[in-house]
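A.B. asks: Predicted model follows, preceded by the sequence.
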Amino acid sequence: MCLLAGCGGGASANSNGALSITPGIGTIDTNCTGCNATSSSGAAVEQFTAALSSGGAASVTWTVSGGDANSGPGTITSSGQYTPPSYLTGDQASVTVTAALSSSSSTTATAVVTVTPGFLQPLTPENASLGASGTLSLSGYLAELGGTAGITYGLSSTASGSSGGLGTLGASTCTRGGTAFTYCTVTYTAPATISTGSTFIVATVSSSSSRATSEVLLNTAGLSSNPASHQTELAVPIFMGSSGGNNNDYDTSGGQVVDCCGGTLGALVQNSSGAQYLLSANHVLARSDQAAAGEDIVQPALIDDNCMSYGQPGAATALVGTLSGWVPLSSSSSNVDAAIAAVNSNVDTRGNILELGLEQANGTLAAAPPGTSCTLTPSQVSCTPGKGETATLNMSVAKSGRTTGLTCANVSVVSLDVSVSYYTDCAETKPYLTKTYSGQIAIAANQFSDAGDSGSLVVDSSDAEPVGLFFAGGVDQAGVSEGVANPVGAVLSALGAQTQLPASTYTFVGTTDHPVSCLNYGNATATAAQARTLTDAETARAQQAMTQARLLVNPSAGILGVAAGKSSDSLGEGAVIVYVGANANLSVPATVNGVRTIVIPTTARAVESGSAPESAMESNAVPAMAASTLSQGIQVKQQIARSLMRQNPAFFGVGVGQSLDNPKEAALVIYVDRRSVPAELPATIGGLRTRYVIMDRLHVTRSYATPLQSRSHCMAHPAPDATVLERFKGFGVRSFDLR
């Protein structure tokens with residue numbers, strides 16, 4: 001996929017000889033798929049520059065003209081950063097970018113950009129699970145009204161590939177209109193005989209380079225799970241784990257609704273008097289502190305109903321409660337992102353959560369409440385009936401959310417200090433605050449979570465006991481979902497002390513502990529690191545360390561050999577592999593000559609034959625780490641985390657996990673802003689190995705590290721009239737469904 005700056009050449013399309021623009025001509029889609037630049041808020045853009053004929057930089061005024069008859073030409077900043085319009089009414093639009101010399105406005109140069117429609121949002125669903133011969137209906141939405149553009153669907157064995165894949169696809173069928181975005185559907189059928197693994201459905205727009213994928217987890221258990229079922233309006237009684245949010249959670253411009261957001265209705269809690277409340281994130285129910293008590297909470301969220309508020313003509317949402325209280329994000333003493341809403345009669349009072357139960361006869365998963373009986377197991381640190389458990393490192397957990405449905409993964413980091421950004425609008429153009437949390441839980445796995453899953457309840461997959469409230473996440477450079485959750489003990493405690501309701505004790509509404517039928521899409525962190533081709537400089541650095549590394553070899557002491565390899569703790573970094581006896585209890589240095597070491601238990605015969613593993617995680621079985629080792633790592637982290645984040649602004653999170661290069665050791669897990677990665681990333685800090693997660697800074701509304709950048713969720717329409725909405729609410733009815 002080409003980058004725009006090189007897609008059409010760099011010459012000026014029109015110049016009077018004194019001034020030129022780079023690039024001069026090019027093609028870009030509405031979601032800027034494959035672009036090489038992003039704005040500070042994460043939107044995809046193209047950077048234009050102007051130069052004098054003498055070669056020096058020019059001070060100019062930028063303007064754009066032309067474009068789509070309805071959506072316009074897009075926008076350009078004073079620095080030449082161009083953002084295409086969010087949608088088109090035809091298959092393409094021509095935009096003229098003009099630079100006028102500040103000292104002489106008649107001296108101009110122009111560039112021409114052809115805009116084509118891209119995907120409006122990720123495919124629906126982004127992920128799904130099927131057994132043998134199972135079928136799945138998949139939809140892709142284009143940022144286009146009318147026109148003739150369509151979507152071509154294909155199968156691939158990898159997310160980035162274009163061939164292979166298992167199963168078959170039917171013909172793509174597109175629905176077009178002048179008042180609704182174009183969407184194209186296809187039916188996928190899993191093969192009759194399968195083994196556990198994934199296949200990828202790849203979608204490309206016929207008139208642009210825009211591309212999106214959906215991952216289908218094929219499983220021999222016959223489990224069928226489709227996250228799209230979490231995004232529709234549910235029949236009464238309404239279950240948790242479904243799309244939901246505040247009825248006022250939309251952006252307006254000129255009296256028009258232009259965007260909206262929402263999240264997941266996570267679980268039911270009850271106070272000491274037995275009154276029940278919906279539990280979700282503050283930014284989902286309370287609009288990041290911007291809401292007022294009594295505001296309506298709806299299912300599904302506005303993002304899943306064209307931004308139509310309850311009571312508007314055509315709206316297909318149901319009232320499920322009223323906002324009651326929230327833990328203020330603005331408080332320096334608060335440490336969770338949580339809010340509650342008093343439920344109405346539309347909500348299931350048993351606390352059922354979509355897909356949290358056992359497999360049914362047709363392969364789908366039943367809804368079930370979380371476990372609250374607190375049957376203690378050897379792996380639990382603590383457990384109180386109705387109040388959940390304390391999450392532990394590598395604990396298998398599950399969540400049921402609006403976007404990715406039921407997914408399972410392992411807790412990857414504990415005691416996490418992390419900074420998260422909040423905005424007062426859904427488009428994330430109006431910053432509210434950046435809050436640093438402490439003692440959080442991180443969960444990492446392919447497809448575990450995405451934007452819209454905020455508010456999901458995270459449970460121990462072995463007994464469905466609550467362990468966390470999911471509230472932020474993103475995707476790292478290995479393509480792995482990185483999610484962050486508040487510990488449930490902190491959530492319940494904060495609700496009891498800091499909401500707008502009288503002080504009370506809160507517990508989860510649930511049932512006898514029960515296992516969750518896990519859907520785990522795997523974790524590609526180590527796989528991606530081992531697949532990365534090292535630079536010549538990194539290869540040379542690892543080779544240079546081999547001279548000193550060979551001095552470590554001592555078979556009688558248990559060190560069987562060394563080799564050059566690749567670190568899994570720091571993607572793209574060379575390392576020295578140290579092979580040790582399987583039963584050896586050795587202390588191997590974390591670095592040799594400044595180069596990371598990888599410690600791999602094996603046999604002398606495997607080393608001699610060249611069949612020994614090249615990664616400590618090759619078997620995918622994570623060795624146990626001593627509790628005392630983890631405890632010592634947490635002590636180190638608590639002493640240095642905040643100062644480390646202050647000293648290096650690129651570090652926005654620090655916690656403790658397991659080293660992927662030597663799983664017997666704890667590692668400082670450091671989250672690094674991918675746009676400002678330091679030139680040097682130390683292999684050890686405070687005596688601990690370091691593991692780096694490079695990704696975009698965490699935003700609670702959108703996920704920015706994915707190739708596709710979601711744009712507005714709706715067609716602009718008049719903002720709701722409060723009087724009319726109140727009248728409809730009073731009668732308890734909706735107007736006509738015009739969709």
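C.D. replies: The structure has been received and is ready for your questions.
A.B. asks: Helix or strand with the lowest mean pLDDT in this protein?
C.D. replies: Each helix and strand of the chain was given a mean pLDDT (mean pLDDT, DSSP states H and E); the minimum falls on helix 4-7 at a mean of 32.
A.B. asks: so where do the strands sit in the stretch 251-400 of the chain?
C.D. replies: 256-260, 263-265, 267-270, 276-280, 296-299, 318-326, 339-343, 383-384, 388-389, 396-401 (DSSP state E, counting those that start in this stretch).
A.B. asks: Compare those strands and say which comes out lowest on pLDDT.
C.D. replies: Note on these: lowest mean pLDDT is at strand 383-384, with a mean of 82.
A.B. asks: just checking, what's the longest strand in this protein?
C.D. replies: strand 405-423 (DSSP state E).
A.B. asks: returning to that earlier point: closest to residue 137 out of the strands of the stretch 251-400 of the chain?
C.D. replies: Comparison of the strands of the stretch 251-400 of the chain against residue 137 by Cβ to Cβ identifies strand 396-401 as nearest, at 20.0 Å. Quick note: C-beta positions are derived from backbone N, CA and C, even for glycine.
A.B. asks: the helices in this protein, which residues?
C.D. replies: 4-7, 282-285, 488-498, 525-531, 536-549, 604-609, 627-647, 722-731 (DSSP state H).
A.B. asks: which of these is buried the deepest?
C.D. replies: When the helices of the chain are scored by mean count of other Cβ atoms under 10 Å, the highest mean neighbour count falls to helix 282-285 (a mean of 30).
A.B. asks: quick check, distance from it to the centre of its chain.
C.D. replies: With Cα atoms, centre = their mean, to the nearest Å as the basis, helix 282-285 stands 17 Å off its chain's centre.
A.B. asks: With stretch 681-692 instead?
C.D. replies: Centre-to-centre, stretch 681-692 and its host chain are 25 Å apart (Cα atoms, centre = their mean).
A.B. asks: any idea of the mean pLDDT in it?
C.D. replies: On average, stretch 681-692 scores 96.
A.B. asks: try stretch 286-295
C.D. replies: Mean pLDDT, stretch 286-295: 96.
A.B. asks: how far out from the middle of the chain is that stretch?
C.D. replies: Taking the mean of its C-alpha atoms, stretch 286-295 sits 24 Å from the chain's own mean (Cα atoms, centre = their mean).
A.B. asks: again with stretch 120-133
C.D. replies: Centroid displacement of stretch 120-133 relative to its chain, using Cα atoms, centre = their mean, is 16 Å.
A.B. asks: Check which residues of it are buried.
C.D. replies: Across stretch 120-133, burial judged by 16 or more other Cβ atoms under 10 Å covers 120-131.
A.B. asks: any idea how far residue 456 is from the closest residue to residue 342 other than its chain neighbours?
C.D. replies: Take residue 342 and drop its neighbours on the chain: the residue closest to it by Cβ to Cβ, 6 or more residues apart in numbering is residue 324, 4.7 Å away. From residue 324 across to residue 456, the span is 20 Å (Cβ to Cβ, to the nearest Å).
A.B. asks: my read: residue 296 touches residue 310, true?
C.D. replies: Yes. When contacts are counted by Cβ atoms under 8 Å, residue 296 is listed as touching residue 310 (6.1 Å).
A.B. asks: ok so, going back, identify whichever of the helices of the chain lies nearest to residue 694.
C.D. replies: Among the helices of the chain, helix 525-531 comes nearest to residue 694, with 11.2 Å by Cβ to Cβ.
A.B. asks: Let me see the mean pLDDT of the closest one.
C.D. replies: Mean pLDDT, computed over helix 525-531, is 91.
A.B. asks: most tightly surrounded among the strands of the stretch 251-400 of the chain?
C.D. replies: When you average the neighbours per residue for each of those (mean count of other Cβ under 10 Å), strand 263-265 leads with a mean of 33.
A.B. asks: Confirm for me that residue 685 is in contact with residue 640.
C.D. replies: Yes. Look at residue 685 against residue 640 with Cβ under 8 Å: they come within range, at 6.9 Å.
A.B. asks: Walk me through the domains of the chain.
C.D. replies: For the chain, automatic domain parsing gives the domain ranges 4-116, 127-224, 526-609.
A.B. asks: Quick one, which of the ones you listed gets closest to residue 436.
C.D. replies: Across these, residue 436 has its closest neighbour in domain 4-116 (19.5 Å, Cβ to Cβ).
A.B. asks: what's the burial count for residue 404?
C.D. replies: Residue 404 has 28 neighbours, counted by other Cβ atoms under 10 Å.
A.B. asks: who touches the residue nearest to residue 446 when sequence neighbours are not counted in this structure?
C.D. replies: Once flanking residues are discounted, residue 446 sits nearest to residue 521: 4.1 Å by Cβ to Cβ, 6+ apart. Residue 521 makes contacts with 127, 198, 215, 217, 407, 445-448, as judged by Cβ atoms under 8 Å, 6 or more residues apart in numbering.
A.B. asks: ok, and the most crowded of these?
C.D. replies: The contacts of residue 521, ranked by neighbours (other Cβ under 10 Å): first place residue 407, 32 neighbours.
A.B. asks: where's that one relative to residue 299, distance?
C.D. replies: As judged by Cβ to Cβ, residue 407 and residue 299 stand 20 Å apart.
A.B. asks: Check residue 215 too.
C.D. replies: Distance of residue 215 to residue 299, given as Cβ to Cβ: 26 Å.
A.B. asks: Likewise for residue 57?
C.D. replies: Note on residue 57: its distance to residue 299, by Cβ to Cβ, is 53 Å.
A.B. asks: surely residue 218 meets residue 199?
C.D. replies: Yes. Counting by Cβ under 8 Å, residue 218 touches residue 199, with 6.3 Å between them.
A.B. asks: Give me the common contacts of these two.
C.D. replies: Going by Cβ under 8 Å, 6+ apart, residues that sit against residue 218 and also against residue 199 are 166-167.
A.B. asks: what about those two, which has more around it?
C.D. replies: Between residue 218 and residue 199, counting by other Cβ under 10 Å, residue 199 is the more crowded of the two (22 against 19).
A.B. asks: Contact partners for that one?
C.D. replies: 155-157, 165-167, 215-216, 218 are the contacts of residue 199 under Cβ under 8 Å, 6+ apart.
A.B. asks: per-residue pLDDT, it?
C.D. replies: pLDDT, residue 199: 95.
A.B. asks: who's it bridged to?
C.D. replies: Applying DSSP bridges to residue 199 yields these beta-bridge partners: residue 216.
A.B. asks: how close does it get to residue 364?
C.D. replies: Distance of residue 199 to residue 364, computed by Cβ to Cβ: 20 Å.
A.B. asks: What distance separates the opening and closing residues of stretch 662-681?
C.D. replies: Terminal residues of stretch 662-681 are spaced 18 Å apart (Cα to Cα, to the nearest Å).
A.B. asks: Quick check: buried residues in it?
C.D. replies: Neighbour-count burial for stretch 662-681, counted by 16+ other Cβ under 10 Å, picks out 662-674, 681.
A.B. asks: Output those in CSV, with distance to residue 580 appended to each entry.
C.D. replies: As requested, these are arranged in CSV below (distance: Cβ to Cβ, whole Å):
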residue, distance to residue 580
662, 10
663, 13
664, 10
665, 13
666, 18
667, 18
668, 23
669, 24
670, 26
671, 30
672, 30
673, 36
674, 34
681, 25
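A.B. asks: From these, pick the one nearest residue 430.
C.D. replies: Ranked by distance to residue 430 (Cβ to Cβ), those are led by residue 673 at 20.9 Å.
A.B. asks: hmm, which two among the contacts of residue 521 are most spread apart?
C.D. replies: 198 and 448 (13.7 Å).
A.B. asks: any idea how far the residue nearest to residue 342 is from residue 352?
C.D. replies: Separation of residue 324 from residue 352 (Cβ to Cβ): 21 Å.
A.B. asks: could I get the buried residues of stretch 120-133 as a markdown table with distance to residue 506 and pLDDT?
C.D. replies: A markdown table is the format used below for these (distance: Cβ to Cβ, whole Å; pLDDT from 0 to 100):
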| residue | distance to residue 506 | pLDDT |
| --- | --- | --- |
| 120 | 39 | 86 |
| 121 | 35 | 84 |
| 122 | 34 | 87 |
| 123 | 37 | 91 |
| 124 | 34 | 92 |
| 125 | 32 | 94 |
| 126 | 32 | 93 |
| 127 | 32 | 95 |
| 128 | 34 | 96 |
| 129 | 33 | 96 |
| 130 | 38 | 96 |
| 131 | 39 | 94 |
